[in-house]
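Peer 1: Kindly return the folded structure for what I paste below:
(one chain, ligands or ions: 1)
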Amino acid sequence: MKSKGRATIEVGADGVAVITIINPPVNSLSLDVLNSLKETVEEALRRNDVKAVVMTGYHGKFSGGFDISSFADLQQGKVAQPKPGYISVDMLTDTVEASRKPLVAAIDGHALGGGLEIAMCCHARISTPNAQLGLPELHLGIIPGFGGTQRLPRLVGLAKSLEMMLTAKSVKGEEALDIGLVDAIVSPNQLLGTARKWALDIWERKRPWNVASLHRTGNIESLDEAKEILKLARAQALRIAPNLYHPLAYIDVVEEGIVSGPRAGLIKEYETFELLVRSDTCKALLHIFFAQRGTMKVPGVTDLGLVPRHLKKVAILGGGLMGSGIATALLLSNYHVILKEVNDKFLEAGIEKIKGNLQSIVNKGKLSQEKFEKALYLLKGTLDYESFRDVDMVIEAVTEDLSLKQQIFMDLEKYCPPHCILASNSSTINLKLIGEKTKSQDRIIGAHFFSPAHVMPLLEIVRTQKTSPQVIVDLLDFGKKIKKTPAVVRNCTGFAVNRMFFPCTQSALLLVEHGADLYCIDRAFTKFGMPMGPFRMCDLIGVGVAMATEAQFVLSMPDRIYKSLLISLMQQDKRLGETTRKGFYIYDERRKAKPDPEIKKYIDKAREISGVSIDPKLAKLSDKDIVEMISFPLVNEACRLLAEGIAVKAADLDIASVMGMGFPSYRGGIIYWADTLGSKYICSRLDEWARMYGNFFKPCDYLAEKAAKGVPLSATTDPAKSRL
Ligand SMILES: C[C@H](O)CC(=O)SCCNC(=O)CCNC(=O)[C@H](O)C(C)(C)COP(=O)(O)OP(=O)(O)OC[C@H]1O[C@@H](n2cnc3c(N)ncnc32)[C@H](O)[C@@H]1OP(=O)(O)O
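Peer 2: Residues are numbered from 1 along each chain as shown. Below is the predicted model of the structure:
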């Protein structure tokens, strides 16, 4: 059983008490820890042999913030503070911050959320250069609840604090020093010593007693300026996340502190926190938090005690959009990369794309020139397999052509060392077919990236029945190292993400051919929270890719394909999407999409050929109906993935939908969202549409069964029965 978290106190001969927060792995602030922290601070303040206090975290980690796993108890009202705002006001403000003995925070590792809020109550903060300090609460659908909304603006200024909180981004030690969040940075081995001395210096008046963070005014803007900044922040929050309430609630709380004083701000912060922690948004985002970490746990694989091997050198086959994006991601994580192309021209183009990707990161100020050059130094181009003799992994990223891929895997088997992992970035083709002509099936695996590969957060890891657990463990570790969230799924055509996404496009085509407006569909989808609608997405990936994907699905799921000729008619006229500046939309030179009235011509023709008649109801669909008619087929396919054991946990599909398709995280992912609507409702609507528009909408057995029993879709199969 996990031991209780606690805080310990150790008083040195110098009169400094070191209070250590202990709750591995991230020293989160459970109620046990907070109670113990209060007791140790009170002890330090009481004891005559204590002059000053240093607060730190166990094992080089200050604190990852309030214990997120206890949020469920808060939501269910199982725990409550002894009185409103007790932790924030009584404990942190009136005990820690108001203490007459100086407290200094010694920060290494993470000081996030409640962790940073406690540090901000101290009278000085010393940090290491690599420490990460931030208030990421908005990512969880809440606002800081331990005074962060009031202290951060007063320490670093309103504008910077809004930037940090609204983006939920942390800053490292150096930047924290620049903006006034910490008072000094030192190396980890000097941290405690420096913090002790700093605390004693304050006690001995060798350093000034800083005004408490809550009452500082030096860095905060004037009232007029502050109001202007808050107005801009509200506009920005509405633009970025129009469906979300909590960023606006957070701005209101900050404003309350500025207009009515920090104490009033603390009270409003408490009230707002209590409200938000019970919101659907918070529940969905908490689900995503744990689901994301859960992807690293693959039953029957990660519980075998295997240690991931160190992959040093990786070869990438193909320098196109995907290959160059993958290479960029690897170079940024310090992997040696060999890029192979078929001729000089393509190789040069691939290398140029990689340089362009890296340069754009430099231009955004997120990569130094030195690191840019280091990344390029790690890259080698080649036209043959000679340099593949010592690679640890190859990622094939050539076009979706089965026979080409089969030939490549046969070649790889000849040239690569026996330990080398043979990965394919195929987005749709069944891996069993790709590796069919080799004897290396135990080391063949899918490493499916999403475009742009150096930006998109998901790595879909596809295992066949023969892929060895060691190779899966290696890929999970590799995914984490290149800062992707891995999701392990079973092999099939389209794997999880594309298999779920395909019915979305199909359903959109069906609706349009039956009379719905294409642009209304895309608009309803983006209002729902998707980054773009299915037609805009089709233009982005290109009509050619959409056709190739469809060809694969026509073979693997012929019984539930909606046959539309719309895309092939567009292809015949070279309306290939964004690249040709004409697809479902037309594009200006800055790639801004505009509806094109000409598209009606293609829709009419497709309708005429397939003999579909217009259903006038579809021209007047509400946004809600559009979203459901497009998304429920997706839910249906997700259910098939669970029934077939392609995904072992419903939560993995939530992550795959959020990180691979841009499904809004604040809706908790596809299955979580579906469960908020109820399996019965979804099944009945699909049934209704199946009667009206055909088998494409027919609910699968898994969905029908859950609906009949009235149980959630996430109540998955017996894992033992799953094929994983
Ligand atoms: C009142 C306050 O204002 C409210 C708050 O403080 S809300 C909390 C704010 N803090 C956060 O949002 C930080 C969340 N945590 C993180 O971002 C990352 O875990 C981290 C950067 C601290 C560490 O990252 P990393 O080293 O990659 O470890 P990671 O795999 O994420 O986490 C390790 C384990 O700690 C758990 N964990 C991380 N932060 C936690 C937290 N705040 N509470 C409880 N558990 C936490 C994870 O669930 C995971 O558990 P598992 O091993 O059982 O899956």
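Peer 1: residue of the stretch 551-700 of the chain with the smallest distance to the ligand?
Peer 2: Per CB to the nearest ligand atom, A651 is where the stretch 551-700 of the chain lies closest to the ligand, at 12.0 Å. Yep, even glycine has a C-beta here, placed from its N, CA and C like the rest.
Peer 1: let me fix that: the stretch 351-500 of the chain
Peer 2: At 7.7 Å from the ligand, K480 is the closest residue in the stretch 351-500 of the chain, using CB to the nearest ligand atom.
Peer 1: Give the residue spans of this protein that score low on pLDDT.
Peer 2: Scanning the chain for pLDDT under 70 picks out 1-3, 717-724.
Peer 1: if we can go back for a sec, and the strand or helix carrying the residue of the stretch 351-500 of the chain closest to the ligand, what's buried?
Peer 2: In this structure, K480 is located in helix 469-481 according to DSSP states H and E. The neighbour-count criterion (16 or more other CB atoms under 10 Å) identifies P469, Q470, V471, I472, V473, D474, L475, L476, D477, F478, G479, K480 as the buried residues of helix 469-481.
Peer 1: hang on, the earlier thing: my read is that the residue of the stretch 351-500 of the chain closest to the ligand contacts V473, right?
Peer 2: No: applying CB atoms under 8 Å, one finds K480 not in contact with V473, separated by 11.1 Å.
Peer 1: Spell out the residue ranges of the strands in the stretch 401-550 of the chain.
Peer 2: Applying DSSP state E, counting those that start in this stretch to the stretch 401-550 of the chain gives strands spanning 421-424, 444-449, 458-463, 485-490.
Peer 1: ok, and what's touching the shortest one?
Peer 2: The one in question is strand 421-424. Under the contact criterion CB atoms under 8 Å, 6 or more residues apart in numbering, strand 421-424 has outside partners 311, 392-396, 405, 409, 412-413, 416, 431, 434-435, 438, 440, 443-447, 471, 474-475.
Peer 1: Output the strands of the stretch 401-550 of the chain in JSON lines, with distance to the ligand and mean neighbour count appended to each entry.
Peer 2: Shown next, in JSON lines, are the strands of the stretch 401-550 of the chain (distance: least, CB to the nearest ligand atom, whole Å; neighbours: other CB atoms under 10 Å):
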{"stretch": "strand 421-424", "distance to the ligand": "23", "mean neighbour count": "26"}
{"stretch": "strand 444-449", "distance to the ligand": "20", "mean neighbour count": "26"}
{"stretch": "strand 458-463", "distance to the ligand": "15", "mean neighbour count": "25"}
{"stretch": "strand 485-490", "distance to the ligand": "11", "mean neighbour count": "26"}
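Peer 1: What are the phi and psi values at V394?
Peer 2: For V394, the backbone dihedrals are phi -120, psi 140 (criterion: degrees, to the nearest 10).
Peer 1: Report all helices and strands that the helix holding K480 contacts.
Peer 2: With contacts defined as 3 or more CB pairs under 8 Å, 6 or more residues apart in numbering; DSSP states H and E, helix 469-481 has these neighbours: strand 421-424, strand 444-449, strand 458-463, strand 485-490.
Peer 1: For my notes, please list the ones you listed in a markdown table and give distance to A52 for each entry.
Peer 2: Supplementary listing: those in a markdown table, determined by distance: least, CB to CB, whole Å:
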| stretch | distance to A52 |
| --- | --- |
| strand 421-424 | 54 |
| strand 444-449 | 52 |
| strand 458-463 | 48 |
| strand 485-490 | 43 |
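Peer 1: closest one to A106 among those?
Peer 2: Closest approach to A106 among these is made by strand 485-490 (31.6 Å; CB to CB).
Peer 1: Mind listing the strands the closest one pairs with, and their directions?
Peer 2: If you go by DSSP bridges, strand 485-490 pairs up with strand 458-463 (parallel).
Peer 1: The partner strand to strand 444-449, inter-axis angle?
Peer 2: For the pair strand 458-463 and strand 444-449, the angle between their directions (axes from the mean of the first three to the mean of the last three CA atoms, to 10 degrees) equals 170 degrees.
Peer 1: Distance of the closest residue to H454 other than its chain neighbours relative to V342?
Peer 2: Closest residue to H454 apart from its sequence neighbours, by CB to CB, 6 or more residues apart in numbering: T328 at 3.8 Å. Relative to V342, T328 is positioned 20 Å away (criterion: CB to CB, to the nearest Å).
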